[in-house]
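Trainee: Sequence isn't available, so here's the structure alone:
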């Protein structure tokens, strides 16, 4: 077999998982491996991959048993004989699993699972692929609530963060509408970088702002992101009379320059298998307040590298924000400790080493390096 690694992704849009797999492809290439991404033609995934100079195999992935997609994957696997194939979404995982079993020597099948909608199927974890990697012990424990799933099939592999790219982007110019808002006054800026969805906790922060209206009025809330909850968030801003203190900035890419300009990073999620923005913020020495939920405590140590707050509790968030604003030197000291921690534990090379060890291919990586 060869030094090829095949990635598959049937999602149309690009989120954290899709960016993570593209980073893994680039990291593998630096070690001499060759990579290919099978994705839907015309999708945002294909567009971003091509912009990054990655190789793309167009596969439509119309459903979980799409014969043309299976045929394309089978032909490519037969021709290139990859040692490893990494899948993610439902359609591409199923099509890849079938295609791989139609060739004489199939690759190791590794699935990346970043969340679990509904009850997990034991068959898909025990039989569909050889192993599944998840980004946190929290998600692994959640999956193993189904006693039929074999524990040895589920492995925690922390994601790799592109700290080099993060550092390179930090001094980029921010969009004009944000720059003018930041320059309007010198009140502390609390940044929330997340999609506008209910579980991301934007309404909790707005309610905390209302609680702190008298005791700590001199801070502003910068929201970077967009999504289905935008109308609800806008309505709450209006209801609470916070229009002058909140900016819904829309999607900001890269977000690194905002971490540098923020006084605190807020992550008030009610559900988060791991989360990325708090890791990136700490890497850039931005103090973090985050929910004590899901996999977040695996990234932030309360009282040492940041502050953990009860999810969904507006009063608790108001108290935590007030305390942080009153103790900024201590917050910055914790962020400095957090930077050392996350840059070690979430390094891209560490992520790659774990993937290759899990797949039984560490020797291939050593030879290629």
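Mentor: Thanks, I have it. Computed from a prediction, not measured in an experiment: that's the story for all the values here.
Trainee: hey, let's count contacts and neighbours off CA atoms from now on
Mentor: Noted.
Trainee: Going along the chain, name the helices of the stretch 251-369 of the chain.
Mentor: 256-261, 277-283, 314-326, 328-345, 348-358, 362-368 (DSSP state H, counting those that start in this stretch).
Trainee: Out of the ones you listed, which one sits most buried?
Mentor: When you average the neighbours per residue for each of those (mean count of other Cα atoms under 10 Å), helix 277-283 leads with a mean of 25.
Trainee: Show residues contacting that helix.
Mentor: Contact partners of helix 277-283, identified using Cα atoms under 8 Å, 6 or more residues apart in numbering, comprise 161, 163, 166, 193-194, 256, 259, 265-267, 287-288, 290, 299-300, 335-336, 338-340, 342-343.
Trainee: quick one: that helix to chain centroid distance?
Mentor: 11 Å (Cα atoms, centre = their mean, to the nearest Å).
Trainee: How about stretch 110-117?
Mentor: Its chain's average C-alpha position is 12 Å from that of stretch 110-117, according to Cα atoms, centre = their mean.
Trainee: Same check on stretch 70-84?
Mentor: Using Cα atoms, centre = their mean, the offset of stretch 70-84 from its chain centre is 28 Å.
Trainee: Is residue 86 in a helix, a strand, or coil?
Mentor: Under DSSP: H, G, I helix; E, B strand; the rest coil, the three-state class of residue 86 is strand.
Trainee: That one touches residue 18, doesn't it?
Mentor: No - contact between residue 86 and residue 18 fails when scored by Cα atoms under 8 Å: they sit 11.9 Å apart.
Trainee: More neighbours: those two, which one.
Mentor: Legend: neighbour count by other Cα atoms under 10 Å for residue 86 and residue 18, higher for residue 86 (25 against 21).
Trainee: now for the helices of the stretch 251-369 of the chain, which one comes closest to residue 92?
Mentor: Comparing these against residue 92 with Cα to Cα, the closest turns out to be helix 348-358 (19.1 Å).
Trainee: contacts for that closest one?
Mentor: 23, 24, 27, 28, 157, 158, 159, 160, 161, 162, 362, 365.
Trainee: how big is the angle separating that helix from helix 328-345?
Mentor: 40 degrees (axes from the mean of the first three to the mean of the last three Cα atoms, to 10 degrees).
Trainee: what's the model's confidence in helix 348-358, averaged?
Mentor: Average pLDDT, helix 348-358: 95.
Trainee: do stretch 323-342 as well
Mentor: 98.
Trainee: contact partners of that stretch?
Mentor: 279, 282-288, 299-300, 303-306.
Trainee: Could you tell me how far that stretch lies from the centre of the chain?
Mentor: Remark: stretch 323-342 is offset 22 Å from the chain centroid, using Cα atoms, centre = their mean.
Trainee: Stretch 342-357 too?
Mentor: Distance, stretch centre to chain centre, for stretch 342-357: 15 Å (Cα atoms, centre = their mean).
Trainee: Let me see the domain layout of this protein.
Mentor: Here the domain parsing of the chain from automatic domain parsing is 4-160+347-368, 164-345.
Trainee: Comparing these, which yields the minimum mean pLDDT?
Mentor: Comparing mean pLDDT across the domains of the chain, the weakest is domain 4-160+347-368, with a mean of 93.
Trainee: What segments of the chain are strands?
Mentor: Ranges of strands within the chain are 4-9, 34-39, 56-58, 84-87, 108-112, 131-134, 154-156, 189-193, 220-224, 246-250, 264-267, 288-291, 307-309, based on DSSP state E.
Trainee: Show me the contact partners of stretch 286-302.
Mentor: Under the criterion Cα under 8 Å, 6+ apart, residues 136-139, 259-260, 262-275, 278-279, 281-282, 305-311, 320-321, 331-332, 334-335, 338, 342 lie in contact with stretch 286-302.
Trainee: So which of the helices of the stretch 251-369 of the chain is nearest residue 40?
Mentor: Going by Cα to Cα, the one of the helices of the stretch 251-369 of the chain nearest residue 40 is helix 348-358, 24.4 Å.
Trainee: Could you check the angle the closest one makes with strand 108-112?
Mentor: 130 degrees.
Trainee: re the thing from before, could you save the helices of the stretch 251-369 of the chain as CSV and add columns showing distance to residue 230?
Mentor: Below are the helices of the stretch 251-369 of the chain laid out as CSV (distance: least, Cα to Cα, whole Å):
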stretch, distance to residue 230
helix 256-261, 20
helix 277-283, 19
helix 314-326, 19
helix 328-345, 30
helix 348-358, 33
helix 362-368, 45
